[in-house]
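Engineer: task: produce atomic coordinates for the following.
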Amino acid sequence: MWPTTLFEAILADADEGLSSVSGSKWAPLSEDYKKIKEKFSHNNKANLELTGALLDSLTTKQSGDSIEIGFFDADEVPIADGHNNFSGDSKLPLRQSIPKPGQNFRAGILRKWIGF
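Structural biologist: From the prediction side, this is the model:
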């Protein structure tokens, strides 16, 4: 069954360790980070959820006729940049959950939520 909102589709992909942009599986966590993550969240999956704050900060901004979806909380922006590598400077493994400018969501999301 499909998620009922675009947000739920992004969160479902993250929970499965999938990019909402490419649809590909994210690389597994490093052994060192796995140990750290298990202390905080009792799981060792690559799912963007250490404390929950990053995914909780996913929201929209409306400007005229356009709606932008993203991570706008100042505390979470550097973490979102690290995983999505919007700046191009991140050394973290790519775990892209939202498109960069010029990119789109994966085909299934486009068909279901955006009508392409």
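Engineer: buried sites along stretch 61-73?
Structural biologist: Within stretch 61-73, the residues scored as buried using 16 or more other CB atoms under 10 Å are 69-71. (C-beta placed from N, C-alpha, C; glycine too.)
Engineer: contact partners of that stretch?
Structural biologist: 6-7, 10, 53-54, 57-60, 77, 79-80, 98 (CB atoms under 8 Å, 6 or more residues apart in numbering).
Engineer: kindly indicate which of those lies nearest Asn43.
Structural biologist: Leu54 (14.7 Å; CB to CB).
Engineer: hang on, the closest one packs against Pro78?
Structural biologist: No. Contact criterion CB atoms under 8 Å: Leu54 and Pro78 do not qualify, at 10.2 Å.
Engineer: the more surrounded of those two?
Structural biologist: Of the pair Leu54 and Pro78, Leu54 is the one with more neighbours under other CB atoms under 10 Å, namely 21 against 11.
Engineer: roughly how far does that one sit from Ala46?
Structural biologist: Plainly put, Leu54 is 13 Å away from Ala46 if you go by CB to CB, to the nearest Å.
Engineer: joint contacts of those two?
Structural biologist: Shared contacts of Leu54 and Ala46 (CB under 8 Å, 6+ apart): none.
Engineer: only the buried members of the contacts of stretch 61-73: can you turn that into a ChimeraX selection?
Structural biologist: Buried subset of those, written as a ChimeraX selection, criterion 16+ other CB under 10 Å:
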select :6,10,54,57,58,79,80,98
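Engineer: tell me which of the contacts of stretch 61-73 fall in strands.
Structural biologist: Under the assignment DSSP state E, those contribute 58-60 to strands.
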